[in-house]
Structure formats: structure tokens, C-alpha cells
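Q: Any chance you could fold what I've pasted below:
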Amino acid sequence: MVLEEIMKVDIHTLTPDDTIAAALQLCRDHKIRHIPILDKAHTLVGLVTDRDIKDATPSILKQENGSEQLNKPLSLIMKTNVITGHPLDFVEDAAAIFYEHNISCLPVVHNGVVIGLVTETDVLHTFVELTGVNQPGSRIEIRVENKAGVLYEILHVLHHRRVNVQSVLVYPDRIAQTHKVIVLRIRTMNPVGIIDDLKKEGHEVLWPNMPGIRP
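A: Residues are numbered from 1 along each chain as shown. Below you'll find the predicted structure:
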């Protein structure tokens, strides 16, 4: 999945010369948290978040000339050197950027024009859908040797049981680099029979770890 599939296209922008008050009102009116700042050529030159506005507002309101301060330009508080994405960037790459740079918003730029906006909430919702955790089913964790063909062996067991797979994730094993942990979400509420079959095939099931299931 790429960013153009999840990005918001109805975005609200301001210019560096617009006021802090204008940004505050825009956030309130449209219930948004991020405002791309564009120059007269519609080029992205900055970004203002609700956090930037909140950080500026309290100290301003304590002053007698608070209204005058609110009329100062956004150029004073906007972040420059904004990290951007491309509409064909993968969602998981965007998630890595959010994590690495500790940001909450990624303007999507194509041919120098801001065409969309992706937030950390958009990415989180996408991962929820991709992993199927918002759908009824069961989760199974299996510790396997890191070798070719092991996933096929596990899926063969599920195929024998005629169970649909909602998602497959692979994590590094914390104990040994020679192993991985495969996390399956399957469309069944009773995975006991599948777990028994996996164990009979010699697979180490880490979860569910409940009385009567784990030997």
C-alpha cells in the first residue's frame, strides 16, 4: 500500500505571512492538527502543528498585548526543513520515517506541489487494517528456524484445516538470531485444533500460552 491510497487530499494551508491567530482559528474550525505553510509560488516552506500553536499561545495570553502577539506571522513559529513523502512511497517506509524522526505528519509532495497529507493516525489505522486486528479471529505466534520454506510448512497446516489467514508478520527472535517468530492472524475463534496440528508437525507455538494448550 502506498501513501496516495491513504493520504488526505482536502488539506488546508496558510502562508508564512498569515497570523498565529489565523492558524489557531483554522485548527478549531476544521479540527485539524497540521497546517502546511506555502509561499506565493505554492511551494512548501514550513509546517505548523497544533503543538506549535499551543506552545506559543499560553505565554502570549499572559501578556497585556496578547492580541498583538497573536497577529504575528507564522514564519516566527513554523518548522522549516520539513520532511516530505512521495505519493508512491510505501506506508511502512512512512512509518519508519515517523519513528526515526519523531514526527506526526508527512506532507505528500509531487512535482514540487503538496497534494496530500499523511498523519501518524492515518498510518496507525492502515496497519490495523493490514494486520486484521480489527476483525474477529485468533492470533498464533510460532518460533521457527530462519530458513527457506518454513512459512510454506506452516501455511500447509492451515490449508489442511481450511482456515483463512488475515495477516502474516515476521519478527526477529529475541533469543537467537538463527530463529524468527511468525505471527499469524487467522479467521477462527477456536485455534486449538490448529495449534495441535502445528505441534504435531514439530513447530514451537509461543502463543496462545494457556493452561491445557502449552505442554
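
Q: Could you list the low-pLDDT ranges of this protein?
A: 58-66, 210-215 (pLDDT under 70).

Q: hmm, try it at 80
A: Scanning the chain for pLDDT under 80 picks out 57-69, 209-215.

Q: can you pull up the bridge partners for residue 119?
A: With DSSP bridges as the criterion, residue 119 is bridged to residue 105.

Q: OK, contacts around the nearest residue to residue 110 once chain neighbours are set aside?
A: Nearest non-adjacent residue to residue 110, counting by Cβ to Cβ, 6 or more residues apart in numbering: residue 87, 5.4 Å away. (Glycine included, C-beta is placed from N, CA and C.) The neighbourhood of residue 87, defined by Cβ atoms under 8 Å, 6 or more residues apart in numbering, consists of 2, 3, 4, 7, 108, 110, 115, 116.

Q: One more pass at 6 Å, please.
A: For residue 87, the contact set (Cβ atoms under 6 Å, 6 or more residues apart in numbering) comprises 3, 4, 108, 110.

Q: Now do the helices in the protein.
A: Under the criterion DSSP state H, helices of the chain are mapped to 20-30, 50-61, 66-70, 91-101, 120-131, 150-160, 192-200.

Q: Among the ones you listed, which comes closest to residue 180?
A: Closest approach to residue 180 among those (Cβ to Cβ): helix 150-160, 8.1 Å.

Q: Go through that closest one and flag the buried ones.
A: 150, 151, 154, 157, 158 (16 or more other Cβ atoms under 10 Å).

Q: just the angle between it and helix 192-200, please?
A: With axes from the mean of the first three to the mean of the last three Cα atoms, to 10 degrees as the basis, helix 150-160 and helix 192-200 are set at 140 degrees to each other.

Q: follow-up on the earlier one: export the helices of the chain to TSV and tack on distance to residue 81?
A: Listed next are the helices of the chain as TSV, based on distance: least, Cβ to Cβ, whole Å:
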stretch	distance to residue 81
helix 20-30	19
helix 50-61	14
helix 66-70	25
helix 91-101	11
helix 120-131	19
helix 150-160	41
helix 192-200	50
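
Q: What residue, apart from its backbone neighbours, is nearest the residue nearest in space to the middle of the chain spatially?
A: In the chain, the centroid-proximal residue (Cα atoms, centre = their mean) is residue 123; its distance is 2.6 Å. Closest residue to residue 123 apart from its sequence neighbours, by Cβ to Cβ, 6+ apart: residue 95 at 5.1 Å.

Q: Much appreciated, bye for now.
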